[in-house]
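A.B. asks: Give the three-dimensional model of this entry:
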Amino acid sequence: MEILFWKTQNQALNSGVWNVIERDCRKWAKETSMREMMQRAQDLGANAIVGIDIDYETVGANGSMLMVATSGTAVVI
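C.D. replies: Just a heads-up that it's a prediction; the model follows:
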């Protein structure tokens, strides 16, 4: 994933690009979190995950970081 750097956040906000960057970051974080959860479930011998919950939270100074928490129950069907 390419990360774009702008001279100021305002420049990105004014151009509408910041929204695209945030959307792409959320998508990447969700996919990564889900992939890690699936790998952990497979390591436990599960073949499915039920009750998946995905939470997003912005943290850090001025909400500068995105935290994604994914949880679910690994099961064998």
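
A.B. asks: Flag the shaky bits of this structure, pLDDT-wise.
C.D. replies: The chain contains residues with pLDDT under 70 at 1-18.

A.B. asks: Tally up the residues packed near Lys30, please.
C.D. replies: For Lys30, the neighbour count with other CB atoms under 10 Å is 14. C-beta here means a position set from N, CA and C on the backbone, and glycine is covered the same way.

A.B. asks: Give the buried residues for the helix or strand in which it is found.
C.D. replies: Under the criterion of DSSP states H and E, Lys30 resides in helix 17-43. The neighbour-count check on helix 17-43 (16 or more other CB atoms under 10 Å) flags Trp18, Ala29, Ser33, Met34, Met37, Met38, Ala41 as buried.

A.B. asks: any idea how far the second one lies from Gln42?
C.D. replies: Which is Ala29. According to CB to CB, to the nearest Å, Ala29 stands 21 Å off from Gln42.

A.B. asks: residues touching the residue nearest the centre of the chain, list them.
C.D. replies: Ranked by distance to the mean C-alpha position of the chain (CA atoms, centre = their mean), the top residue is Ala29 at 2.2 Å. Each residue near Ala29 by CB atoms under 8 Å, 6 or more residues apart in numbering is listed here: Tyr56, Leu66, Val68.

A.B. asks: Tell me the buried residues within those residues.
C.D. replies: Val68.

A.B. asks: would a markdown table of the contacts of Ala29 with secondary structure and distance to Ile77 be doable?
C.D. replies: Shown next, in a markdown table, are these (DSSP: H, G, I helix; E, B strand; the rest coil; distance: CB to CB, whole Å):
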| residue | secondary structure | distance to Ile77 |
| --- | --- | --- |
| Tyr56 | strand | 29 |
| Leu66 | strand | 33 |
| Val68 | strand | 26 |
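
A.B. asks: I'd like to know which of the contacts of Ala29 is nearest to Glu22.
C.D. replies: Checking the contacts of Ala29 against Glu22 by CB to CB gives Leu66 as the nearest, at 7.8 Å.

A.B. asks: The closest residue to Tyr56 other than its chain neighbours and Met34, how far apart?
C.D. replies: Nearest residue to Tyr56, sequence neighbours excluded (CB to CB, 6 or more residues apart in numbering): Val68, at 5.7 Å. Taking CB to CB as the measure, Val68 falls 9 Å from Met34.
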